[in-house]
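S.K.: Return a 3D structure for these sequence lines:
(one chain, ligands or ions: 1)
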Amino acid sequence: MKIFETVKQSVTARQAAKAYGLEVDVHGMALCPFHDDHHPSLKLDQRFYCFGCGASGDVIDFTAKLFGISPREAVQKLAEDFGINPRPPTEVHIPKRHAEPRPDLERLCICVLRDYLRLLRIWRLRYEPAEPGEPMDDRFAESCQMEATVNFFLDALIVGDPAPRERVLEVLVKDGSIYELQAYVGKRKKEEPGHAGKYQPCA
Ligand SMILES: [Zn+2]
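M.R.: Next comes the predicted model:
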């Protein structure tokens with residue numbers, strides 16, 4: 001049962017509600033997703049309570065009710081979405097009080113991939129062989145090879161479910177691939193006549 005406690009200590013109902021798309025105002029009030037609510041009557045904090053329909057509980061109850069899943073599944077979902085280790089190291093475990101689904105890293109990946117995609121599209125237009133049989137420019141070849149993959153990654157990051165999104169993030173961040181790609185795109189953009197100035201650098 002330890003994971004139940006770990007999740008409850010790591011994520012508040014308010015954080016989960018925000019992460020799952022509820023608009024929570026500065027007072028912690030939101031439109032209640034559990035009844036037909038027209039004025040925010042759901043109070044969110046460590047726990048949640050609705051003044052309209054009486055729904056209440058902790059972050060696990062909230063997530064279970066919101067997605068129509070069991071408490072055990074809700075714990076799993078929260079652990080995945082907030083990067084909480086289900087088997088924390090035995091020595092000392094410091095709960096992540098401000099666990100968030102790594103928005104900065106995600107934003108960097110999306111920015112670098114979009115930048116790369118723009119470059120690939122320029123290459124595809126600019127270096128397409130004029131005649132069939134003409135030797136293929138490396139840049140044109142790269143654009144043909146990579147565009148679908150980059151699009152796939154972007155889709156997964158922007159509109160994907162949490163599980164595939166996490167996997168894509170892992171692939172991009174492992175071994176620093178995204179930083180290598182960032183450096184590579186930056187360098188190749190500079191070589192491209194007339195286009196370098198149009199790009200926004202990724203923060
Ligand atoms: Zn309600």
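
S.K.: mind exporting the top helix by length along the chain as CSV, just the C-alpha atoms?
M.R.: Taking DSSP state H as the criterion, the chain has its longest helix at helix 103-126. This file holds the C-alpha atoms of helix 103-126, laid out as CSV (Å, rounded to 0.1, in the frame of the first residue of the first chain):
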residue,chain,number,x,y,z
PRO,A,103,6.8,20.6,-19.0
ASP,A,104,10.2,22.3,-19.7
LEU,A,105,11.8,19.3,-21.2
GLU,A,106,8.7,18.6,-23.3
ARG,A,107,8.6,22.2,-24.5
LEU,A,108,12.3,22.0,-25.5
CYS,A,109,11.7,18.7,-27.4
ILE,A,110,8.7,20.2,-29.3
CYS,A,111,10.6,23.4,-30.2
VAL,A,112,13.7,21.6,-31.5
LEU,A,113,11.6,19.1,-33.5
ARG,A,114,9.6,21.9,-35.1
ASP,A,115,12.7,23.7,-36.0
TYR,A,116,14.2,20.5,-37.5
LEU,A,117,10.9,19.9,-39.4
ARG,A,118,11.0,23.4,-40.9
LEU,A,119,14.6,22.8,-42.1
LEU,A,120,13.6,19.5,-43.6
ARG,A,121,10.8,21.1,-45.5
ILE,A,122,13.1,23.8,-46.9
TRP,A,123,15.6,21.1,-47.9
ARG,A,124,12.9,19.0,-49.6
LEU,A,125,11.8,22.0,-51.8
ARG,A,126,15.2,23.4,-52.4
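
S.K.: Not counting the helix or strand that comes right after it itself, show me its contacts.
M.R.: Note on helix 103-126: by DSSP states H and E, the next helix or strand toward the C-terminus is helix 138-159. The contact list for helix 138-159 (Cβ atoms under 8 Å, 6 or more residues apart in numbering) reads 106, 109-110, 113-114, 116-117, 120-121, 123-124, 126-129, 164-165, 167-169, 172. No exception for glycine: its C-beta is placed from N, CA and C like everyone else's.

S.K.: Which residues belonging to the lowest-mean-pLDDT helix or strand in the chain are considered buried?
M.R.: Ranking every helix and strand in the chain by mean pLDDT, DSSP states H and E puts helix 162-173 at the bottom, with a mean of 86. Neighbour counts using 16 or more other Cβ atoms under 10 Å place Arg165, Glu166, Val168, Leu169, Leu172, Val173 of helix 162-173 among the buried residues.

S.K.: you'd agree the fifth one is up against Glu180?
M.R.: No - Leu172 is beyond contact range of Glu180, at 10.1 Å (criterion: Cβ atoms under 8 Å).
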